[in-house]
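1. what's the 3D shape of this:
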Amino acid sequence: VQLQASGGGLVQTGGSLRLSCAASGRPFRAYALGWFRQAPGKEREFVASIRWAGATTRYADSVEGRFTISRDSRENMIYLQMTSLKPEDTAVYYCSAGEIGGKWSHWGPGTQVTVSS
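-> Now for the predicted structure:
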């Protein structure tokens, strides 16, 4: 499984960004794909996930209502639309994949998101 995230950047508080993740390497029907983030000096934390089949989504409380995860099954892409961004959203964002019921076992390189106050 290969995952490649893109779309990070610098944005002001209240702004929006859309992250993209290109997924390849195998069929993802039995997988969930997700976004995690890691801020300086902090542990990596879950942001959002989506099941490839059925598109069931789940969000961290800190981003619920502001972030939206989606997937394009034809293009093998997942997206994270981020709105109402806050300085505390500043982090390196990672795309991940894992078999449903298993661990998040595949990771791509991160993309930096910086929200200025």
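2. neighbours of the nearest residue to Phe28 once chain neighbours are set aside, how many?
-> Nearest non-adjacent residue to Phe28, counting by Cβ to Cβ, 6 or more residues apart in numbering: Trp52, 4.1 Å away. Where C-beta positions appear, they are placed from N, C-alpha and C, glycine not excepted. Neighbourhood size, Trp52 [other Cβ atoms under 10 Å]: 20.
3. how close does Trp52 get to Lys42?
-> 28 Å (Cβ to Cβ, to the nearest Å).
4. so the residue nearest to Phe28 makes contact with Ala32?
-> Yes. Using Cβ atoms under 8 Å, Trp52 is in contact with Ala32, at 6.9 Å.
5. the helix or strand Thr68 falls within: what's the following helix or strand?
-> Assigned by DSSP states H and E, Thr68 belongs to strand 67-72. Remark: after strand 67-72, the chain's next helix or strand is strand 77-82, criterion DSSP H and E.
6. next one: phi and psi at Gly9?
-> Note on Gly9: its backbone torsions stand at phi 170, psi -170 [degrees, to the nearest 10].
7. quick one, what contacts the residue lying closest to it once chain neighbours are set aside?
-> Using Cβ to Cβ, 6+ apart and skipping the chain neighbours, the partner closest in space to Gly9 is Leu17 (6.2 Å). Residues in contact with Leu17 (Cβ atoms under 8 Å, 6 or more residues apart in numbering) are Gly7, Gly8, Gly9, Val11, Met82, Leu85, Val113.
8. of these - the most surrounded one?
-> Met82 (25 neighbours).
9. which ones are touching that one?
-> Ser16, Leu17, Arg18, Leu19, Val63, Arg66, Phe67, Asp89, Val113.
10. ok, back up a step: same for the strand holding Thr68, what does it pack against?
-> Judged by 3 or more Cβ pairs under 8 Å, 6 or more residues apart in numbering; DSSP states H and E, the packing partners of strand 67-72 are strand 31-38, strand 45-51, strand 57-59, strand 77-82.
11. lovely, talk soon.
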